[in-house]
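Student: have a look; sequence and predicted model below, questions after that.
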Amino acid sequence: MPRFLLLCLLLTSTLAARSQSKTPADFGYRHLTMRYQRDTVDILVLSQKGDELKRKPVFLFVQGSLPSPIFKYDERGLYSVFPFETEKYLADYHFIIISKPGVPLVADVKTLTPRYEYNDPKTGQVPAAYCQRNYLEYYVARDAAVLHYLAHQPWVEGKNITAMGHSEGSNVVARLARRPGPLRRVVYLSGSPLGRMLTVISGNRQDADSVGAENNFAYWKEVVAAPKQNNCLGDTHLLVSSLSSTQTPLDDFRHSKIPVFVGYGTRDRSALLEDYLRLEMIRAGKTNLTFHAYPELEHNFFGFTNGKVDQEKWNWDRVARDFFTWMKAH
């Protein structure tokens, strides 16, 4: 093949690959960036079309665990970015989500693990930039910086910002509620109010798994002995210790003054601990927390059929309706 023709084919192939690569704009999102320490933080904004620069309240969704790209797609299209339907709320809010450090924004699900995790193709493990930053204190400080950045944008009502966290993300918003800065209110969902390890062991007890409980007590001894250990394999000591420290969401809420919505399924493994949080807030005379317990729902607000989690019984829109109604009143 003549060299000139080969070069033309290679150029055509490269341009075609670039044209097929997807960006947040392809999915209707604005992509903003800001510097935090030495990192570039990716901030994705979903607005009603035509209202991108209209001044509105902001709703920040703090992700749970797993190094998952925000935009996951297959041949059928984009997977949901938010766990509830946003369309009905776009007239009133700009929706914000922040990417995980070191994780690409967009990925075809074929390139991800079955749990939609991104692994570095060179190492087969999570990106080093992710595991080095994957602990509570980093996320809290980074998200606080993002909140201050957002509060000064002309399209943001700086005194009307809400942060919602689910599962691991609930720990972040609980800590933010303690020192809220521009944050007006918090939605705390399916959390571990007394720390992750107690929730894990509580799950062992509910499963009548005494061996698992003993193994987790032994693991906790290892974490306490080396709390900063970070080998980038699974849940590191650094992550677990940060989510199971003596400063728990219970302590954060004792010191919080902004309105807090607490939602959880009664068949979540941490439900009893959420009930304890509620008892303690009553004991402390705290009136800024509103509790919603959802009967017969589990951690991700699925229902059950014949004793098994039924993923057809999806209740996120019901939960969202409750906390958006609460937000209007607070």
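Tutor: Sure thing, it's come through.
Student: for Asp39, give me its contacts.
Tutor: 101, 129, 133, 142 (Cβ atoms under 8 Å, 6 or more residues apart in numbering). For the C-beta atoms, the positions are set from N, CA and C on the backbone; glycine is no exception.
Student: now render these as TSV, adding distance to Lys122, neighbour count and secondary structure.
Tutor: Formatted as TSV, the contacts of Asp39 follow (distance: Cβ to Cβ, whole Å; neighbours: other Cβ atoms under 10 Å; DSSP: H, G, I helix; E, B strand; the rest coil):
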residue	distance to Lys122	neighbour count	secondary structure
Pro101	18	21	coil
Ala129	13	15	helix
Arg133	19	19	coil
Arg142	25	19	helix
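Student: please parse the protein into its domains.
Tutor: Taking automatic domain parsing as the reference, the chain has its domains at 21-194+258-329, 196-244.
Student: right, and those domains - which one's nearest Asp252?
Tutor: Asp252 sits nearest to domain 21-194+258-329 of all these, at 4.3 Å, using Cβ to Cβ.
Student: chain center to the closest one, what's the gap?
Tutor: Distance of domain 21-194+258-329 from its chain centroid, counting by Cα atoms, centre = their mean, to the nearest Å, is 4 Å.
Student: then stretch 228-243?
Tutor: Relative to its parent chain, stretch 228-243 has a centroid offset of 18 Å by Cα atoms, centre = their mean.
Student: list the buried residues in that stretch.
Tutor: Going by neighbour count (16 or more other Cβ atoms under 10 Å), the buried part of stretch 228-243 is 230, 232, 236-243.
Student: hmm, back to that, of the domains of the chain, which approaches Leu250 most closely?
Tutor: domain 21-194+258-329 (4.8 Å).
Student: average pLDDT for that closest one?
Tutor: The average of the pLDDT scores along domain 21-194+258-329 is 96.
Student: again with stretch 223-230
Tutor: When pLDDT is averaged along stretch 223-230, the result is 95.
Student: all good on my end, thank you.
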